[in-house]
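Visitor: Next come a sequence and a model predicted from it.
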Amino acid sequence: MPAKLIRRYIFQVNRYDTNGYLLILNQLERGFKMALTGLEIYKQLPKKNCGECGVPTCLAFAMALAAGKAALDTCPYVTDAARENLESAAAPPIKAIKFGNGSVMGDETVMFRHDKTFYHETTVIIQISDALSDDEVSAKLAEINGLEFDRVGLHYSVEGVAVVNDSGDAARFAKVAAAVAAGTEKSLVLISNDPEALKAAVVPLAARKPLIGEANADNYEAVVTIAKENSVPVILKAEGLDALSDLVEKAVTLGYKEFVLDPGSKTTVQKLADLTQLRRLAIKKKFRTFGYPVIVFTNHDNPLDEIMEASVYVCKYASAIVLKTSAKAHILPLMALKQNLYTDPQKPIQVEEKLYAIGEVNENSPLYLTTNFSLTYYSVEGEVESTKIPSYIIPVNTEGTSVLTAYAAGKYEPELMWETMQKLGVPETLKHRNVIIPGYVAVVTAKLKEISGWNVIVGPRESSGIVAFAKTLK
Amino acid sequence: MSVTIVKERYAGKIGEVTLGATAEQGGTRTSTVTIGGDSALPFLHFEGKVNRPVIAMEVNDIPPTWNTTLTKQYGDVFNSPGAWAKQCVDDFGADLIYLKLLGADPDGVNRSPEDCVRVVKEVLAAVGVPLIVVGCGDTAKDNEVIAAVAEAATGENLLIGVAEQETYKTYAAAAMVHKHTLIAQSPLDINICKQLNILINEMGLPLNKIVIDSLIAGLGFGIEYAYSIMERARLGALGNDKMLAMPMFCSVGYEANRTKESNSPIEDNPQWGELDDRAVLWESLTASGLMQVGASIIMMRNPAAVAVVKKNIDELMSV
Ligand code: SF4
């Protein structure tokens, strides 16, 4: 395809985005992190039109604020009341709740990741029952501590451990909580309905800032008070949204707002419905009562079914999930899913620009060029690996864009390819003078040949064609 | 206080597509499969109609080169596509068979179109469920193969594919003339997806004879791109964009099983845990993510993953 055509084609590709509300939403969020319109802001301004803020009128200033191009402080005449109104209207629709060792939940602003991005990955917590023996507790904890994974250049680790008071014994609960705390640096969650047990466990561990719960309709005064006294966040649990909203409203009157909600839904499909409603009410209706992160406990005991169930809540709106299984093979897929879905759609993950050696390479091994967009690179890497021919790959720095997009944006020109090859010492490393380029940029062949003096081989368009292509290499 | 829940009102819905044809309808299937018809986001029953996603298990005309974590779950069926398909339906509960004619590959076994037709007939005779039939991936050869298959199976209402931007004409013509349904495939791009549907429709194939394959990536390898494209397509369709309102097909089994995570034994990657469960979940979670954004046909390979996904679908459909 000629360059001009490719460029036009990419232009069309982006058309859909400009029709959507993505761009508008981005602009608004830069100003106030939520969609306050210029008119809504204008109503709160002094309407003196004095121009001291740098623009001629209050209306123009309001528009600039809405577009994120001005700061409220520039107007010397804003009243305290107006400031408070604007700030509370602009507060995030879902409160950020922090606990333990750097865990953050909530603070999400959109329903769909393509609207902007999801911010705080679902916190994965694994539970340990205090009804287990001491040995079983330490074995389970050791397994949880071992849940550290490396793949495709990323590191995943499980964030938290929840101690659950199944024993019904306050002293036992406090003892297991203390043992778990001593045995892990992960964030802690302490779960009991019994205020006495919670108090016994949380007081000595308050410095670890555990998340505690659950406060329900019967015990909320005592449990929320314990949370407040120890400055730790607390889970509010009620079955169904009506009961949950009642509970939140009552709990707020105790003068504390560090809440995490559990809608207590019994089935997977009901949890999905409740999680969706909690998110919608908080974001679309700005319903403050539900403006908190949401935690869920899985229903299934069979680990395969449990992880499948949990994956539904990772996609749809759980801020934290408490699991039973702690086997590596079960946790890794779930960690990958949450990492994937919480990547910023506008900031693609990139791989380092260097000469990658796949297999036992030597100076005669083939050389593939691709881009540094992680998905593109790893697809190529996987296929090159499958050819069983030791090879080199260079992901040229295209700022994390795929081949076609990079080329259309002028970020994948033959000059850059050759410059990169030289910079990475390829002419010294290799004896041959052959370079394989992606099929989609076949159009650069002549130019690359001219400036580098290398023989340019056009590879397949899709990485899936590499294995067949490699068979044709001499 | 009672909370007023938020119900979205959508102007559009997903088109209904029926696959397969019974004797009265001009085919030989004992049952048909209907997908689409949804008027809500996936599994949000409080909002509107939710249709059940279906599972299409993969069968090839030549023995597969799959990892033993998959093959050990099957009987001695890989030399007989009919027996292979029958086990998928009878033992594993496949709703459809996805027959990929890999043997047609000129760089491989290079089966003739007539040979391919024979395999399709064998599978049609072995099972009563509807069939999806796709070629080997070699554009020129697939044109011949799918044309021959479409003609030989006239009236069966196969789901044939794959029609891409450059090749759709032959496929669309074959689907129209021989009464089949078509997979329209676009490269992870919602605009091309829509454009291809328009082009195919302009040739005369009705919208209810098209299934979208906007291409997916496996878990850990860019599933988020497929996730967001499908979610946008679904929202577009519910917003009454008829050219995006077809049910969506996802080649989950293929993408999930070509990852290192579905193949690398524990000895090579102790940190990743046992391969068997890991591979089951890699395929199951690829399916799960895409079902949450509107997948209608899930192509799968791992029988244990099929069981996990079917159970999850049952739960998400029970209200
Ligand atoms: S400084 Fe304040 S009062 Fe004066 S024009 Fe700007 S916004 Fe209006």
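Guide: Structure received. Numbering: from 1, shown residues only, chains lettered A, B, ... in the order given.
Visitor: which residues of the stretch 51-200 of chain B fall in strands?
Guide: B:54-60, B:96-100, B:131-134, B:159-163, B:181-185 (DSSP state E, counting those that start in this stretch).
Visitor: Out of these, which gets nearest to the ligand?
Guide: Among the strands of the stretch 51-200 of chain B, strand B:181-185 comes nearest to the ligand, with 53.9 Å by Cβ to the nearest ligand atom. (Each C-beta comes from the backbone N, C-alpha and C, glycine too.)
Visitor: Now do the closest one: which elements does it pack against?
Guide: In terms of contacts (3 or more Cβ pairs under 8 Å, 6 or more residues apart in numbering or on different chains; DSSP states H and E), strand B:181-185 is packed against strand B:159-163, helix B:168-178, helix B:190-202, strand B:210-213.
Visitor: Just say helix, strand or coil for the closest residue to the ligand within the stretch 101-250 of chain A.
Guide: Nearest to the ligand in the stretch 101-250 of chain A, going by Cβ to the nearest ligand atom, is residue A:109, at a distance of 26.4 Å. The local conformation at residue A:109, judged by DSSP: H, G, I helix; E, B strand; the rest coil, is coil.
Visitor: before we move on, what about the one 10 residues further on?
Guide: Three-state call for residue A:119 (three-state DSSP): coil.
Visitor: so it sits right up against residue A:343, yeah?
Guide: No - applying Cβ atoms under 8 Å, one finds residue A:119 not in contact with residue A:343, separated by 11.1 Å.
Visitor: Between these two, point out the one with more neighbours.
Guide: Neighbour count, other Cβ atoms under 10 Å in any protein chain shown: between residue A:119 and residue A:343, residue A:343 has more, with 19 against 16.
Visitor: tell me the contacts of the more buried one?
Guide: A:117, A:349, B:224 (Cβ atoms under 8 Å, 6 or more residues apart in numbering or on different chains).
Visitor: Disregarding residues adjacent in the polypeptide, which is nearest to the last one?
Guide: The shortest distance from residue B:224 to any residue that is not its chain neighbour, by Cβ to Cβ, 6 or more residues apart in numbering or on different chains, is 4.5 Å, and that residue is residue A:340.
Visitor: ok, now the first one?
Guide: Closest residue to residue A:117 in three dimensions, ignoring its sequence neighbours and counting by Cβ to Cβ, 6+ apart: residue A:344, at 4.2 Å.
Visitor: before we move on, what about the second one?
Guide: Of all residues not flanking residue A:349 in the chain, residue A:374 sits nearest, at 4.1 Å (Cβ to Cβ, 6+ apart).
Visitor: just checking, residue B:132 touches residue B:101?
Guide: No - using Cβ under 8 Å as the test, residue B:132 is too far from residue B:101 to be in contact (11.2 Å).
Visitor: and the host helix or strand of residue B:287, what does it pack onto?
Guide: Per DSSP states H and E, residue B:287 falls inside helix B:275-291. If contacts are counted by 3+ Cβ pairs under 8 Å, 6+ apart, helix B:275-291 sits against helix A:303-315, helix A:328-341, helix B:68-71, helix B:223-238, helix B:252-257, strand B:295-300, helix B:303-317.
Visitor: first vs last residue of stretch A:149-162, how far apart are they?
Guide: By Cα to Cα, to the nearest Å, the extent of stretch A:149-162 from end to end equals 20 Å.
Visitor: tell me which residues in stretch A:380-392 are buried?
Guide: When neighbours are counted by 16 or more other Cβ atoms under 10 Å in any protein chain shown, the buried residues of stretch A:380-392 are found to be A:380-385, A:387, A:389-392.
Visitor: C-alpha coordinates for the helix holding residue B:287, CSV please?
Guide: Extracted as CSV, the C-alpha positions of helix B:275-291 are listed here (Å, rounded to 0.1, in the frame of the first residue of the first chain):
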residue,chain,number,x,y,z
LEU,B,275,0.6,-26.3,33.8
ASP,B,276,-2.8,-28.1,33.7
ASP,B,277,-4.8,-25.7,35.8
ARG,B,278,-2.9,-22.7,34.5
ALA,B,279,-3.8,-23.6,30.9
VAL,B,280,-7.4,-24.3,31.9
LEU,B,281,-7.7,-20.8,33.5
TRP,B,282,-5.7,-19.1,30.7
GLU,B,283,-8.4,-20.2,28.3
SER,B,284,-11.3,-19.7,30.7
LEU,B,285,-10.3,-16.2,31.7
THR,B,286,-9.7,-15.2,28.1
ALA,B,287,-13.3,-16.3,27.5
SER,B,288,-14.6,-14.6,30.6
GLY,B,289,-13.1,-11.2,29.8
LEU,B,290,-14.6,-11.3,26.3
MET,B,291,-18.0,-12.5,27.5
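Visitor: buried stuff in that helix?
Guide: In helix B:275-291, counting by 16+ other Cβ under 10 Å, buried: B:275-291.
Visitor: got it, and stretch A:407-423?
Guide: Those buried within stretch A:407-423 under the rule 16+ other Cβ under 10 Å are A:407-408, A:411-414, A:416-418, A:420-421.
Visitor: Of those, which one scores lowest on pLDDT?
Guide: Across the set of the buried residues of stretch A:407-423, residue A:408 stands lowest in pLDDT, at 80.
Visitor: circling back to that earlier point, go through the contacts of residue A:343 and give me the one with the most neighbours.
Guide: That'd be residue B:224 among those, by other Cβ under 10 Å, with 25 neighbours.
Visitor: how about the residues of chain A that lie near the ligand?
Guide: Applying Cβ under 6 Å from any ligand atom, we find that chain A lies next to the ligand at A:45-46, A:48-53, A:57-58, A:61, A:75, A:77.
Visitor: Kindly recompute the last result at 8 Å.
Guide: Within chain A, the positions near the ligand by Cβ under 8 Å from any ligand atom are A:45-58, A:60-62, A:74-78.
Visitor: Can you flag the buried ones in these?
Guide: Buried, going by 16+ other Cβ under 10 Å: A:45, A:53, A:55, A:57-58, A:60-62, A:75, A:78, out of the residues of chain A next to the ligand.
Visitor: Please flag which of those residues sit within helices.
Guide: Among those, the residues falling in helices (DSSP state H) are A:58, A:60-62.
Visitor: what about the residue in the stretch 351-474 of chain A that chain B sits nearest to, which SS state?
Guide: Taking Cβ to the nearest Cβ as the measure, the stretch 351-474 of chain A has residue A:375 as its residue closest to chain B, at 3.8 Å. The three-state label given to residue A:375 by three-state DSSP is helix.
Visitor: residues contacting the closest residue to residue B:163 other than its chain neighbours?
Guide: With sequence-adjacent residues excluded and distances taken as Cβ to Cβ, 6+ apart, residue B:163 is closest to residue B:171, at 3.8 Å. Contacts for residue B:171 (Cβ under 8 Å, 6+ apart) come out as B:146, B:160-163, B:182.
Visitor: what do you get for residue B:197?
Guide: Residue B:197 is in contact with B:184, B:207, B:210, B:212, B:243-244, B:246, counting by Cβ under 8 Å, 6+ apart.
Visitor: on that earlier part again, ok, the residue nearest to residue A:117 to the ligand distance?
Guide: Look at residue A:344 and the ligand: by Cβ to the nearest ligand atom, to the nearest Å, they are 34 Å apart.
Visitor: again, but for residue A:82
Guide: Counting by Cβ to the nearest ligand atom, the gap from residue A:82 to the ligand is 10 Å.
Visitor: Give me the number of neighbouring residues for that residue.
Guide: 17.
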